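> sequence and predicted structure, then a few things I'm wondering about:
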Amino acid sequence: AQKITQTQPGMFVQEKEAVTLDCTYDTSDPSYGLFWYKQPSSGEMIFLIYQGSYDQQNATEGRYSLNFQKARKSANLVISASQLGDSAMYFCAMREGGSNYQLIWGAGTKLIIKP
Amino acid sequence: KAGVTQTPRYLIKTRGQQVTLSCSPISGHRSVSWYQQTPGQGLQFLFEYFSETQRNKGNFPGRFSGRQFSNSRSEMNVSTLELGDSALYLCASQLSVLSYEQYFGPGTRLTVT
């Protein structure tokens, strides 16, 4: 079963608009972490934001915020005031607790910002 | 502080050959993870090393192996290359196994012909 699901293969958004990238996850581990990464065409993965399963508040990092809805197992990324440089692939990932620290990745969403 | 570096950036190999990829983590980082990224399978975890010990291994055949040196630099080796091994191989480092933030290198793009 898919542990991380990103249902939007691609999105077009007008510059300066806000954009929400969807991510749902599946785990029975009460301790886990959720990540969002950005991958420009150059290939390098850029860490954007992290949310721990026990964090009480939604994570924010500059223009990025994570809309964490634990009961729905949803961890959507919100980018406010989008910029042309935001065009990239965006990946949601999860790391479960315990001794296994590997990241489990979603399929990604290709975001294109239109001028 | 210098980021994660990976060498070489691009590589073309023939089926049946072997290849070694190198990753130098951020100074002070002791944990290194490797991932394979392909259009068909997406991102998949290969293995993780901490203090020269392999802590976790993904679901890959034994042709894929790795190691970590005392200076935390890591190498991964793929023997008897297959066409399906063509991928972007990403290395990530983190300060320790408990830190959540992984910093990725630019990747090595391997093409097997």
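Yes, it's here.

> is the residue positioned nearest the centre of chain B in a helix, a strand, or coil?
Centroid-nearest residue in chain B: B:Trp34, 3.4 Å away (criterion: C-alpha atoms, centre = their mean). Secondary structure, DSSP: H, G, I helix; E, B strand; the rest coil: B:Trp34 is strand.

> with B:Phe45 instead?
Three-state assignment for B:Phe45 (three-state DSSP): strand.

> and it, what are its bridge partners?
B:Phe45 has the following beta-bridge partners by DSSP bridges: B:Tyr35.

> now do the same contact list for it.
A:Gln102, A:Leu103, A:Ile104, B:Ser33, B:Trp34, B:Tyr35, B:Asn56, B:Gly58 (C-beta atoms under 8 Å, 6 or more residues apart in numbering or on different chains). For glycine as for every other residue, the C-beta is placed from the backbone atoms N, C-alpha and C.

> which of these are buried?
A:Gln102, A:Leu103, A:Ile104, B:Ser33, B:Trp34, B:Tyr35, B:Asn56 (16 or more other C-beta atoms under 10 Å in any protein chain shown).

> what residue ranges in chain A score low on pLDDT?
A:1-2, A:98-101 (pLDDT under 70).

> coming back round to it: which of the contacts of B:Phe45 sit farthest apart?
Using C-beta to C-beta, the contacts of B:Phe45 span at most 14.9 Å, a distance reached by A:Ile104 and B:Trp34.

> what parts of chain A come near chain B?
With the criterion set to C-beta under 8 Å from any C-beta of the partner chain, chain A comes near chain B through A:33, A:35, A:37, A:42-47, A:50, A:52, A:91, A:93, A:95, A:99-108.

> in chain A, which spans are strands?
Counting by DSSP state E, chain A has strands at residues A:4-5, A:10-14, A:19-21, A:24-25, A:32-39, A:46-52, A:60-61, A:64-69, A:74-79, A:88-96, A:104-105, A:109-114.

> ok and the longest one relative to strand A:46-52, angle-wise?
Angle, strand A:88-96 to strand A:46-52, by axes from the mean of the first three to the mean of the last three C-alpha atoms, to 10 degrees: 40 degrees.

> need the pLDDT of the closest residue in space to B:Thr53 that isn't next to it in sequence.
Computed as C-beta to C-beta, 6 or more residues apart in numbering or on different chains, the closest residue to B:Thr53 that is not its neighbour in sequence is B:Gln68, at 7.6 Å. According to the prediction, B:Gln68 has pLDDT 97.

> pull the number of nearby residues for B:Gln68.
Close neighbours of B:Gln68, defined as other C-beta atoms under 10 Å in any protein chain shown, add up to 24.
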